[in-house]
Structure formats: structure tokens, C-alpha cells
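S.K.: Turn this into a structure:
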Amino acid sequence: MASIIKVCGLEPESIVDGPGFRYVVFVQGCPHHCPGCHNPQSHAFEGGTSYTADQLFSQFCENPLLCGITLSGGEPFCQASALCELAAMVKAAGKTVVAYSGYTLEQLLEKSKTEPDILRLLRLTDTLIDGPYIAEKRNLELQFRGSENQRILDMNNWFATHEN
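M.R.: All right, here's what the predicted structure looks like:
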């Protein structure tokens, strides 16, 4: 049986959620509850709309101009297993995966010790934008980020230089 992805919303064409023309999946459920979050309706783990990875990938494929998919939220890494299926399909199609997380990369790596699908999703991610939104560090001039503490990380480079 296919894994279910709980979705708060979809943006079929975005230029502000990562590099290039992107399909954005805003997942349902977030443990961070950052004050000032631009997507507070995504916080509750209940609700949302259920999709399979196949359904989302089919919608993604409808637009050949898209260069990739962005996983946002909510907190995508709370649904790492199901999102791995979707990310793997996108990568197999030669497209890129951007993921946003309120966790830092270091926190995700620590969590992956007990939740291996987190590491799997990180490996399928080309660009990770990490860290919680902090209203006091808000900066509207930042590309793809809302606050100055958030980082844009090239995960392909990171894994190439941090392999054990």
C-alpha cells in the first residue's frame, strides 16, 4: 500500500520557494509552532488532504517547465518516509528537490539515528533550507528564507564532503 502524505496546500507554480520554477507541497503538521510563521494553518497534525506520492508526482509531471519540487510545511521531515517516495520519483525524472525544515541540519542528522528515513530524505534533497523562523531575525531581502538564522545548504556537496 502506498504511503499517504498529509498536505496542507499545494502551489503548482512558484518562483519564491527555491531556485527556478517549482511545484510546492506544503505538508500538514509541524511541531515547531514558530511565532510569526507564514503558514500557521499547517501546524496541526490533524486535517489536511491525503495524497499518495504517485498522485502528487502525476500533478508535478503535468507541467514540463518545472525544474523541481519543494517540500515545505508544516515540517516535511515529520513525514520523511512518504516524502522519500515522492522525492525519489522527482530525482529519477532528472528534477531537483528542495526541502525546508524548522530543524537544523545537525538536529535532523541526530534525529536520523532513530528515524532512518530522515537521512534517506536528506540524501534525496538537493537544497535544504534549515532552521526555525525567528521573527526577531526577519529579513525580507533574504532569498528563499524568512529570517537570518536560516541557512541554504547544498546537500549534494555536504554529503560529498562529509561521508564517513
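S.K.: quick one: the helices in this protein?
M.R.: Remark: helices of the chain, listed N- to C-terminal, are 53-61, 80-92, 105-111, 116-124, 155-162; assignment by DSSP state H.
S.K.: Mind giving me the packing neighbours of the fourth one?
M.R.: In this structure, helix 116-124 packs against helix 80-92, strand 96-101, helix 105-111, helix 155-162, with contacts taken as 3 or more CB pairs under 8 Å, 6 or more residues apart in numbering; DSSP states H and E. (C-beta placed from N, C-alpha, C; glycine too.)
S.K.: Reformat the ones you listed as CSV; add distance to Cys61.
M.R.: Below are those laid out as CSV (distance: least, CB to CB, whole Å):
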stretch, distance to Cys61
helix 80-92, 9
strand 96-101, 15
helix 105-111, 28
helix 155-162, 23
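S.K.: circling back: what about the helices of the chain, which gets the closest to Asn139?
M.R.: helix 105-111 (20.2 Å; CB to CB).
S.K.: Can you list the low-confidence ranges for this structure?
M.R.: Counting by pLDDT under 70, the chain contains low-confidence residues at 1-2, 164.
S.K.: any idea which strand is longest in it?
M.R.: strand 4-14 (DSSP state E).
S.K.: Which elements pack onto it?
M.R.: strand 22-27, strand 49-52, helix 53-61, helix 80-92.
S.K.: so Cys84 sits right up against Leu122, yeah?
M.R.: No. At 9.9 Å, Cys84 and Leu122 do not qualify as touching, with contact defined as CB atoms under 8 Å.
S.K.: Which one's more surrounded, those two?
M.R.: Ranked by neighbour count (other CB atoms under 10 Å), Cys84 and Leu122 place Leu122 first, with 23 against 20.
S.K.: which ones are touching that one?
M.R.: Taking CB atoms under 8 Å, 6 or more residues apart in numbering as the definition of contact, the neighbours of Leu122 are 99, 105, 108-109, 112, 128, 155, 159.
S.K.: Ranking by neighbours, what's the top pick from those residues?
M.R.: Across the contacts of Leu122, the neighbour count under other CB under 10 Å reaches its highest value at Ala99, namely 28 neighbours.
S.K.: What about Glu85, how many residues nearby?
M.R.: Other residues close to Glu85 by other CB under 10 Å number 19.
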